[in-house]
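*Asks:* Sharing a sequence plus its predicted fold:
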Amino acid sequence: MGRESLSICSPRGNRCSMAAAMTVTRFAPSPTGMLHIGGARTALFSWLYARHRAGRFILRIEDTDRERSTAEAVGVILDGMQWLGLAADEGPYYQTQRFLRYREAVSALLASGLAYRCYCSKEELERMRAEQIARKEKPRYDGRCRDRAAPRAGIDPVVRFRNPLDGEVIVDDLVHGRVVFQNRELDDLIIARSDGTPTYNFCVVVDDMDMRITHVIRGDDHLNNTPRQINMLRALGGEPPAYAHLPMILGADGAKLSKRHGAVSVLQYREEGYLPEALLNYLARLGWSHGDQELFTLEELVAAFDIRDVNKSAAAFNPDKLLWVNQQHLMRAPLARLAPLLGAQLARLGIECRDDPLLEGVAALQRERARTMREMAEASRYFFLPRVELEEKAARKHLGPEGAAALARVRERLQSLPVWSAEPIHRALAELAAELGAGLGTVAQPLRVAVSGGAVSPPIDATVALIGRERVLDRIDRALEWTQRAGERGGQSP
RNA sequence: GCUCCCUUCGUCUAGAGGCCUAGGACAUAGCCCUCUCAAGGCUGUAACACGGGUUCGAAUCCCGUAGGGAGCGCCA
């Protein structure tokens, strides 16, 4: 092992210069859609590897397909990378801005005979393909223009790479191990379209060479492209980088990644209240592991990550586990970080509480009972609303005559409490329960319903303390009113 | 169809010939803690795709089979 440094060592092979030895990785998305879970994971692994090796990470936008590439998609990718915190050391580079360079490279291959012009029409190629399929052969270009000397009138030619006819290409993949391809299985692919624009496989090769990429880390759907790229790279006088082909990510159903889960913009996860470091943590554990460790900080990931520990097989995206990982990160995050996120999520619910001093306190109480910031906000409305609406079911259960009686006495106690904080509140409630010869729940549940509107909240002492005496007493009064009305409505009492 | 890749609990994975009666995590079931809900703790259910070899010994090595995936574009 350790052969991935071979190509960047000096010809004498005895010493690598510092600059040459530096690891350079890249993430090269095409801006034809969102930055989704799969792309984010690829970016993460490239980024982690560069960071782990104290190298550089380059962002390159592969926008040679002008039909499908959009500026919006570029923006979404950039935003997504930024939110995730996967900062590039270089770039973004845009392939559309390097067309001159590609043209030059095509010309060089043409001049040296390693590429040739092909005058076959699209119809001709389609016919060829149909015939091959009919014969149960692999559809491929048969090289009929390889030795054509004269142009064909009226046809703008494409340029094809002259792939070697025999021999083999060996890919020593960092995750798959040695993979051998026969050149006879490969055909002469188009490197420049009839309008002169270069194609993907060619641009990748030129760019990876020019940018001195040492490690190409990408999805294993590209494994089959690799031998062609190596052949082209060599034709251009380059030396192949190391390759690492990552397994794909599948949807939760084990099928292809679908819109249902994963195939949406990573920014969707921000909106739903996931922490970027949690998403990264989860993604890292898809196809990679470090012993039994499940939870990682970014720093721990950088320190522990090695491409050699990456699995070969595809992994299914598991939303439940992501939720768990997110909660674990919520429980560990600084409250000062959570507070504004909670404020933003509440704002989405129509509750304006931007700089509410309660935010941090609420986050502290709720973070172990919410899996996302969205959930936290949804469960925390009553902390910020002036009044609460009682849930019918909870009120009927806990605010009957007995509950109301307990609640009335709770009110007295709380009103006269000298110090308004969780401990004295807890003591007061405990004493009252003891007086009533009942458990804490007997006083806590009616109070909980009065104060939160429902039967679920963080510990009642802390909740009550946070909401404040004035509001708490007011809510108790309103709850007692409700009880009275219910009694009148119901007529007979138990 | 051809080429290439992949295959351990439902899911993510540990496992590099004896430490495996196959470990951890999510999910799931039960119990504990408990003012509700959580969080946390404990316990349980649950896997080496199949068949041949090699070896004293295989989840681990080899060969087949089956299943899944990717690629085969003037898309990336």
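*Replies:* Nice, thanks for sending it over.
*Asks:* hey, which helix is longest across chain A?
*Replies:* When secondary structure is assigned using DSSP state H, the longest helix within chain A turns out to be helix A:469-490.
*Asks:* Quick one: low-confidence residue ranges for the stretch 151-300 of chain A.
*Replies:* Low-confidence segments of the stretch 151-300 of chain A, defined by pLDDT under 70, are located at A:258-263.
*Asks:* Helices of that one, start to end?
*Replies:* Assignment of helices within the stretch 151-300 of chain A using DSSP state H, counting those that start in this stretch yields the ranges A:200-210, A:226-235, A:267-271, A:276-284, A:298-304.
*Asks:* quick check, the second one touching RNA strand B?
*Replies:* No: for a cut-off given as C-beta under 7 Å from any atom of the strand, helix A:226-235 has no contacts with RNA strand B; the smallest distance is 8.7 Å. Backbone N, C-alpha and C define where each C-beta goes, glycine included.
*Asks:* For that helix, name the packing helices and strands.
*Replies:* Identification of packing neighbours for helix A:226-235 by 3 or more C-beta pairs under 8 Å, 6 or more residues apart in numbering; DSSP states H and E yields strand A:158-161, strand A:168-173, strand A:177-182, helix A:200-210.
*Asks:* what's the answer for the shortest one, then?
*Replies:* For helix A:267-271, the elements it packs on are helix A:71-84, judged by 3+ C-beta pairs under 8 Å, 6+ apart.
*Asks:* Relative to the whole chain's centre, how far out is the helix it packs on?
*Replies:* Using C-alpha atoms, centre = their mean, to the nearest Å, we find the averaged C-alpha position of helix A:71-84 to lie 12 Å away from the chain's own average C-alpha position.
*Asks:* Tell me the buried residues in it?
*Replies:* For helix A:71-84, burial by neighbour count (16 or more other C-beta atoms under 10 Å) applies to A:73-74, A:76-78, A:80-81, A:83-84.
*Asks:* For that helix, which outside residues touch it?
*Replies:* A:27, A:29, A:31-35, A:39-40, A:43-44, A:59, A:61, A:63, A:87-88, A:92, A:265-267, A:270, A:276, A:279-280 (C-beta atoms under 8 Å, 6 or more residues apart in numbering).
*Asks:* how does it look with 6 Å?
*Replies:* With C-beta atoms under 6 Å, 6 or more residues apart in numbering as the contact definition, helix A:71-84 has outside contacts at A:29, A:31, A:34-35, A:61, A:265-267, A:270, A:276.
*Asks:* Same check on stretch A:275-293?
*Replies:* With C-beta under 6 Å, 6+ apart as the contact definition, stretch A:275-293 has outside contacts at A:41, A:44, A:83-85, A:247, A:269, A:296, A:298, A:301, A:304, A:309-311, A:315, A:322, A:325-326, A:329.
*Asks:* which residues touch residue A:452?
*Replies:* Here residue A:452 is in contact with residue A:382 (criterion: C-beta under 6 Å, 6+ apart).
*Asks:* Up against RNA strand B, what does the stretch 301-450 of chain A have?
*Replies:* In this structure, the stretch 301-450 of chain A approaches RNA strand B at residues A:309, A:311-316, A:318, A:320-321, A:323-324, A:327-328, A:331, A:368-369, A:426, A:439-441, A:444-445, A:448, judged by C-beta under 7 Å from any atom of the strand.
*Asks:* The same query, at a cut-off of 6 Å, please.
*Replies:* Counting by C-beta under 6 Å from any atom of the strand, the stretch 301-450 of chain A comes close to RNA strand B at A:311-313, A:315-316, A:318, A:320-321, A:324, A:368-369, A:439-441, A:444-445, A:448.
*Asks:* coming back round to it: identify, from the buried residues of helix A:71-84, the entry nearest to residue A:135.
*Replies:* For the buried residues of helix A:71-84, the minimum distance to residue A:135 (C-beta to C-beta) is 39.9 Å, reached by residue A:73.
*Asks:* what's the distance between the residue nearest to residue A:389 when sequence neighbours are not counted and residue A:392?
*Replies:* Nearest in space to residue A:389, with sequence neighbours left out and distances taken as C-beta to C-beta, 6 or more residues apart in numbering, is residue A:453 at 5.7 Å. The spacing between residue A:453 and residue A:392, counted by C-beta to C-beta, to the nearest Å, is 10 Å.
*Asks:* Those two: which has the busier surroundings?
*Replies:* Set side by side, residue A:453 and residue A:392 show more neighbours around residue A:453, with 21 against 9, by other C-beta atoms under 10 Å.
*Asks:* In contact with the more buried one, which residues?
*Replies:* The neighbours of residue A:453, taking C-beta under 6 Å, 6+ apart as the test, are A:382, A:388-391.
*Asks:* so how far is residue A:137 from residue A:284?
*Replies:* Using C-beta to C-beta, which is the criterion applied here, residue A:284 is 42 Å from residue A:137.
*Asks:* Neighbour count: these two, which is higher?
*Replies:* Comparing residue A:284 with residue A:137 by neighbour count (other C-beta under 10 Å), the higher total belongs to residue A:284, at 22 against 10.
*Asks:* Get me the contact residues on the stretch 1-150 of chain A for RNA strand B.
*Replies:* Proximity of the stretch 1-150 of chain A to RNA strand B is assessed by C-beta under 6 Å from any atom of the strand, with A:30, A:62, A:64-65, A:68, A:121-122, A:125, A:129, A:136-140 identified as the residues in range.
*Asks:* Just the buried ones from these?
*Replies:* For these, a burial check counting by 16+ other C-beta under 10 Å picks out A:30, A:62, A:64, A:125.
*Asks:* ok, the last one - contacts?
*Replies:* By C-beta under 6 Å, 6+ apart, no residues touch residue A:125.
*Asks:* what sits against residue A:230?
*Replies:* Going by C-beta under 6 Å, 6+ apart, residue A:230 touches A:169, A:240.
*Asks:* any idea which of the helices of the stretch 151-300 of chain A is most buried?
*Replies:* Burial among the helices of the stretch 151-300 of chain A, expressed as mean neighbours by mean count of other C-beta atoms under 10 Å, is greatest for helix A:276-284, which shows a mean of 23.
*Asks:* Excluding chain neighbours, what is closest to residue A:93?
*Replies:* Spatial nearest neighbour of residue A:93, excluding adjacent residues (C-beta to C-beta, 6+ apart): residue A:60 at 4.7 Å.
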